[in-house]
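Predicted model and sequence below, questions to follow.
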Amino acid sequence: MSVKQTFKTSLIGVKTNKSRSALTILGIVIGITSIILMMSIGQGAENLILDEVAGFGAETIVVRPGQEPTGPTDIGETLFSDSLKERDIEMLKRKENVPDLIDVTSAVIVTGSVSFEGETYRPTIFGGSVRFFAEVLNLEPGEGRFYTENEIRTRANVAVIGTKVREELFGNDEAVGKLIKIKDKKFRVVGVFAKKGQTAFYNFDELVIVPQTTAQVYLTGTNHYHEVLIKVSDPSVVKRAVHDIEATLRESHGITDPEKDDFFVVTQEGVVQQISTIIGALTIFLSSIVAIALVVAGVGVMNIMLVSVTERTREIGLRKAVGATNKNILAQFLFEAMILTGTGGIIGIILGGLLSFIFSIILTQYAGLSWPFSFPIGAAVLGLFVSTLVGLIFGIYPARKAAKKSPIEALRYE
Amino acid sequence: MFFLKNNMALIEVRDIEKTYPDGTRALRGVSFDIKAGEFVAIMGPSGSGKSTLLHILGFLDRPTKGDYRFSDKTISEHSEDELAHVRNKKMGFVFQMFNLLTRTSALENVKLPLLYSGVKESLWEKSAKEAINSVGLSHRTYFEPNKLSGGERQRVAIARALVNHPQVIFADEPTGNLDSKSGEVIMDILHKLHRQGHTILMITHETYTAEHANRIINLYDGAIINDHKVTSQHKAHKHPIK
C-alpha cells in the first residue's frame, strides 16, 4: 500500500466526519493563528520601533547624566542628576578630545504648561538648539523660522512649537509673532513645525522648543543639562567617538573608575540591541504560551482520535480481514491525525495572515502608524510543521491502539 | 481447481483446539480436510465453536493446539503480516452483518481488498466492476450501502470477497440477516460461484441453508459429531416455509 493510497484512505476517513473533524482541529487552528499573529505583529512592532530609532540617526550619540537606568525607577535619577554642565560641552567641542565630533548641543527638559490668553496646554518642553533637534528628529519648519545660535547665546525668549500646540492655543488664528506663557515667563513664537504626527514613542506635534540657555535661567533655574547630543561624521566612527567622549567626560569629572561614571552614553546601535532583546524575550514568552495551547489542542485531537478508533472498531476489523496489516492500520490513523492537524495548521496560517493584514490596515489607517503588512513566511512554515508534528505525536497512541485490535474482536464489536 | 492437484487438500485441519483466555474451550480437537472446489457447510447451534473454527480457518485467529495447513502452508509458519497477505490474496470473507463501509459507494467497498493487494491502482476499477457485475449489481455500482437493500448489501460484500480471485470464500451466516427471498438470491450466487470452481466454506445454523452445500460438518460443543456428503435428493433448493 503506497503512501499516496494511505493518504487517500485517511482523507476519506477525515471527510466522512466533517463536523467532528472541524471541531477537533479548532484548538490547532487557534494555536497556529496565534503563532502567525504573534510573529507578524512582533515583526511589525520591531520594524516600526527600529525605523523610528533609525530616524534619530546612526551618527547621533546622546549623553545623559547619572547612572545608566536598569529599570523604570532609575529614570527619575537622570532628571535630578546635575553632572552635565556647560564646561563638559566646551571640553567635548575641543578637536583634540573628540576628533570625530562635528556638532554638539545640550538640552534641558522642562516640566510645565504653556498658555495663551486663557488657553492652556501641557506639551513636552525642551530647551535646546532647535536646528539640532530638527535635524535629528527630521522636523521641518511649517510657518515662521527657527531661532538662531545668536538668540541662544543671548538667552532670547523665543519658542518654536508643534502643530498640536498651535491648534490648542491659537485655533485657526496666526501663531507666529504671538507671546505665549511658559511657567509665567513670556516667549515669542517664532516658528511652527510642519505636521509630523504620531510615531510609536512620541507625538512630535506636541513639542515646544526654546533655547536651552533661556530654559536654564528662566524655567529650570539650574546650570546643568539633561542631555548632551553629539553628532559625529559617520556611523562607522560611533564606537571610537563614544570611547573619546567617555574619556573626555571622565577627565572633566575627575573619574578614574568607569564603574563610578556619573553619565552614560546612548547610541542608536545600543538602543536597537536593547529593543531586539526585549522583543526577543517577549516572543519567547508568548511562544511558550502558544506551545502550551498547542499541547492542549493535541490532547484534544488524541481524545477524539481515540473515540474515532473505538467507533470504527468494525471498520478496522474488516480492513484487517481483507488483508490490511497492522502497519497499514497504524499508518491510516496516523495520517488521519496528521491530516486533521495539518489542515488546522493551514487554516490557522490563512486566518493568522488575514488578521495580521486587517491589524496592519487598522494601525495604518486609524492610528496613523507606518505598519506595512508582511506575511511571516518563516512562521507559516513553522506553523505547518508544528501542527503536523502535533498530529504525529498525539496520533501515535490512538493509531497504535487501532493497529493492535484483533480482527475477530473488531468484527464482533457492536 | 487448476492451481492445486485434485487429490490434494486445500485445507487440512488436525486436532485443532482453541481455549480462550477466560478458560472457555471453544474447540476440543477438530480434524478434517477440504479439497479445492468443495462447498462445505459447518453447522451447529450457537456456542458449538463454529465461528471460532471459521476464524481459525480464515487466518483471523490462531489455534491453541493442533495443525492447520492452508494451501500447503502451516499457520504457525506465518507472521502476522504474512497472514494478512494470505487473507488478502487467497481468501474472501462474507459476514452476517455485511460489514460494508458506510458513506462509501459499493464500488469503493469492493475495491477495499485491492488497496492492500499490491495490484496497480489503474486496474482497481476494472476488477471491482467485474466483481460487482458477477453478482448482478452493476446498476448499483455507485450506490452507498444505506441506499441498498439487505440482499444487495450482501451481494456487494460477496463482490468484495471475489475481487482478488481468492482460492476460498468463507461465509459466516451469509443469510442470517436477510429475509428468505434475499437469502435465496445469495445462496444462488454462492452456488454459481461453486459451479465456477470456487471453494466455499459456509457457517450456518439453519439446516435448509446448510443443505445447499455438498458436504455438511456438524459441530457440537467444540467437536465434530457428523461429517457427511449431501446427496442430490436431500438438497433443498427452496426455502421450506415459502
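That came in fine, so what should we check first? Predicted, not measured: the structure shown is a model, and the values here were computed from it. Numbers count the residues shown, from 1 in each chain, chains lettered A, B, ... in the order given.

what's near enough to touch the closest residue to chain B within the stretch 201-350 of chain A?
Residue of the stretch 201-350 of chain A nearest chain B, by Cβ to the nearest Cβ: residue A:323 (2.4 Å). In short, each C-beta sits where N, CA and C put it, glycine included. Contact analysis of residue A:323 by Cβ atoms under 8 Å, 6 or more residues apart in numbering or on different chains lists B:84, B:85, B:87, B:88, B:89, B:113, B:116, B:117, B:164.

and with 6 Å instead?
Shown in contact with residue A:323 (Cβ atoms under 6 Å, 6 or more residues apart in numbering or on different chains): B:84, B:87, B:88, B:113, B:116.

repeat for residue B:35
residue B:9 are the contacts of residue B:35 under Cβ under 6 Å, 6+ apart.

residues in contact with the residue lying closest to the residue of the stretch 201-350 of chain A closest to chain B once chain neighbours are set aside?
Of all residues beyond its chain neighbours, the one nearest residue A:323 is residue B:88 (2.4 Å), with distances taken as Cβ to Cβ, 6 or more residues apart in numbering or on different chains. Listed by Cβ under 6 Å, 6+ apart, the contact set of residue B:88 reads A:323, B:113, B:116, B:117.

for those residues, which one is nearest residue B:148?
residue B:113 (19.0 Å; Cβ to Cβ).

list the contacts for the closest one?
Applying Cβ under 6 Å, 6+ apart to residue B:113 gives the contacts A:322, A:323, B:88, B:163, B:164.

Output the residues you listed in a markdown table; the columns should cover pLDDT and secondary structure.
Converted to a markdown table, these look like this (pLDDT from 0 to 100; DSSP: H, G, I helix; E, B strand; the rest coil):
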| residue | pLDDT | secondary structure |
| --- | --- | --- |
| A:322 | 93 | coil |
| A:323 | 92 | coil |
| B:88 | 93 | helix |
| B:163 | 93 | coil |
| B:164 | 91 | coil |
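
I'd like these laid out as a markdown table, including distance to residue A:241.
A markdown table is the format used below for the contacts of residue B:113 (distance: Cβ to Cβ, whole Å):
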| residue | distance to residue A:241 |
| --- | --- |
| A:322 | 81 |
| A:323 | 79 |
| B:88 | 80 |
| B:163 | 84 |
| B:164 | 84 |
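
Let me see the backbone angles for residue 226.
I went with chain A, as the question did not name one. Phi and psi for residue A:226, reported as degrees, to the nearest 10, are phi -90, psi -20.

actually it's chain B I care about, not the one you picked
Dihedral angles for residue B:226 - degrees, to the nearest 10 - are phi -160, psi 140.

I'd say it and residue B:219 touch.
No - judged on Cβ atoms under 6 Å, residue B:226 makes no contact with residue B:219 at a distance of 8.9 Å.

out of those two, which sits in the more crowded spot?
residue B:219 (25 against 11; other Cβ atoms under 10 Å in any protein chain shown).

what's the average pLDDT for the one helix or strand the more buried one maps to?
For residue B:219, the element it lies in under DSSP states H and E is strand B:215-220. Strand B:215-220 shows a mean pLDDT of 94 in the predicted model.

residues of that strand that come out buried?
For strand B:215-220, burial by neighbour count (16 or more other Cβ atoms under 10 Å in any protein chain shown) applies to B:215, B:216, B:217, B:218, B:219.

The stretch 151-300 of chain A: strands as residue ranges?
A:158-161, A:179-182, A:185-193, A:207-210, A:227-232, A:263-267 (DSSP state E, counting those that start in this stretch).

mind putting these in a markdown table, distance to chain B, mean pLDDT and mean neighbour count included?
Formatted as a markdown table, the strands of the stretch 151-300 of chain A follow (distance: least, Cβ to the nearest Cβ, whole Å; pLDDT from 0 to 100; neighbours: other Cβ atoms under 10 Å in any protein chain shown):
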| stretch | distance to chain B | mean pLDDT | mean neighbour count |
| --- | --- | --- | --- |
| strand A:158-161 | 74 | 91 | 28 |
| strand A:179-182 | 80 | 90 | 18 |
| strand A:185-193 | 70 | 91 | 21 |
| strand A:207-210 | 70 | 89 | 28 |
| strand A:227-232 | 72 | 87 | 23 |
| strand A:263-267 | 66 | 86 | 20 |
